[in-house]
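In: mind looking at a prediction? Sequence and model below.
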Amino acid sequence: MREEPSIPDWELQENIREIRERVGAAAVKSGRAFEDISIMAVTKTVPVQRVNQVIQSGITLLGENRVQEYLEKYPLYEKKNCSVHFIGRLQTNKVRYIVDKIDMVESVDSIRLAQELEKRCAALEKTIGVLLEVNIGAEPTKSGILPEDLPELMKTVAILPHLRLSGLMAIPPAGGKEEENRYYFSKMYDLFLDIQAKNRDNSDVRFLSMGMSNDFETAIACGANIVRLGTILFGKRK
Ligand SMILES: *Cc1c(COP(=O)(O)O)cnc(C)c1O
């Protein structure tokens with residue numbers, strides 16, 4: 001890991017202050033409160049000391065993309081009461097390395113992955129929350145499952161005793177204009193309401209994770225309650 005000076009604390013404080021203000025305003029506009037939205041700090045490529053700075057500043061949710069990177073940084077995080085969600089592409093052969101170090105997987109997009117998570121969680125006697133990642137723009141190279149395959153994956157997850165179906169996650173096509181983002185986010189919200197209506201015993205469908213630095217206000221307007229922020233919080237990634 002590269003050693004880099006931390007961002008000046010005032011700058012980070014300022015970023016967080018601005019983010020909270022904008023999240024709060026967007027929440028209120030959509031008839032909710034600031035507290036209804038979780039602000040996730042997305043840590044990929046960000047040095048440990050900066051992550052610890054945002055934890056110090058009251059961020060309570062981290063998003064991890066890469067297994068290897070997380071394994072290196074994890075022992076150095078001053079986690080306190082922070083939760084960690086895995087949000088990246090997760091290979092089944094890596095599940096066992098991280099399953100004891102995360103609170104939720106937001107990027108479940110195959111039956112195989114769900115079954116591997118079940119197996120590893122069962123061994124630890126741990127129940128983990130999962131979000132199903134939807135490839136809402138049906139982009140060929142993107143992870144996530146297609147909306148039409150959602151019911152089958154949902155059925156599988158619902159009967160796995162160590163997985164708690166907790167909602168949906170999506171990354172709409174990159175570079176979209178606001179109107180296009182709104183279209184995809186609204187489609188996600190419809191799917192979210194749909195699976196919420198089909199809630200089962202071991203499900204607790206509450207989270208709709210969508211919106212990143214460029215589009216989080218639109219996402220909140222469309223019903224998101226987890227926004228995943230990297231750039232706007234930590235600055236541009238190298
Ligand atoms: C990198 C990343 C983000 C954050 O993106 P920014 O545009 O830097 O805010 C959010 N979600 C996922 C899945 C990511 O990989």
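Out: Arrived safely, thanks for sending. Remember, predicted model here, so these are calculated numbers, not experimental data.
In: what ranges do the strands span in this structure?
Out: Ranges of strands within the chain are 38-42, 61-64, 83-86, 104-108, 128-134, 163-170, 203-209, 226-229, based on DSSP state E.
In: now tabulate these in CSV and tack on distance to A197 and mean pLDDT.
Out: (C-beta placed from N, C-alpha, C; glycine too.) Formatted as CSV, the strands of the chain follow (distance: least, Cβ to Cβ, whole Å; pLDDT from 0 to 100):
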stretch, distance to A197, mean pLDDT
strand 38-42, 23, 98
strand 61-64, 26, 98
strand 83-86, 24, 98
strand 104-108, 20, 98
strand 128-134, 15, 98
strand 163-170, 13, 97
strand 203-209, 9, 93
strand 226-229, 20, 98
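In: redo those as CSV? Include distance to V157 and mean neighbour count.
Out: Conversion of these to CSV gives the following (distance: least, Cβ to Cβ, whole Å; neighbours: other Cβ atoms under 10 Å):
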stretch, distance to V157, mean neighbour count
strand 38-42, 21, 22
strand 61-64, 20, 23
strand 83-86, 15, 22
strand 104-108, 7, 26
strand 128-134, 6, 25
strand 163-170, 5, 24
strand 203-209, 8, 20
strand 226-229, 18, 25
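In: where does pLDDT dip in this protein?
Out: Low-confidence segments of the chain (pLDDT under 70): 1-6.
In: show me the contacts for the closest residue to T60 other than its chain neighbours.
Out: The spatial neighbour of T60 that comes closest, neighbours along the chain excluded (Cβ to Cβ, 6 or more residues apart in numbering), is C82 at 5.3 Å. Contacts for C82 (Cβ atoms under 8 Å, 6 or more residues apart in numbering) come out as 55, 59-62.
In: repeat for L71
Out: Counting by Cβ under 8 Å, 6+ apart, L71 touches 97-98, 101.
In: tell me which of those fall in helices.
Out: The members of the contacts of L71 that map onto helices under DSSP state H are 97-98.
In: so which of the contacts of L71 wins on neighbours?
Out: The member of these that has the most neighbours, counting by other Cβ atoms under 10 Å, is I98 with 19 neighbours.
In: I87 is in contact with that one, correct?
Out: No - contact status for I98 versus I87: not in contact, 12.0 Å apart, counting by Cβ atoms under 8 Å.
In: residues that sit against both of those two, list them.
Out: Shared contacts of I98 and I87, defined by Cβ under 8 Å, 6+ apart, are found at E64.
In: G175: neighbouring residues, count only.
Out: The number of residues packed around G175, counting by other Cβ under 10 Å, is 8.
In: how close does it get to the ligand?
Out: Using Cβ to the nearest ligand atom, to the nearest Å, we find G175 at a distance of 11 Å from the ligand.
In: list the contacts for I19?
Out: 39, 229, 232-233.
In: distance check, it against the ligand.
Out: Counting by Cβ to the nearest ligand atom, the gap from I19 to the ligand is 10 Å.
In: kindly report the same for V99.
Out: V99 is 19 Å from the ligand, where distance means Cβ to the nearest ligand atom.
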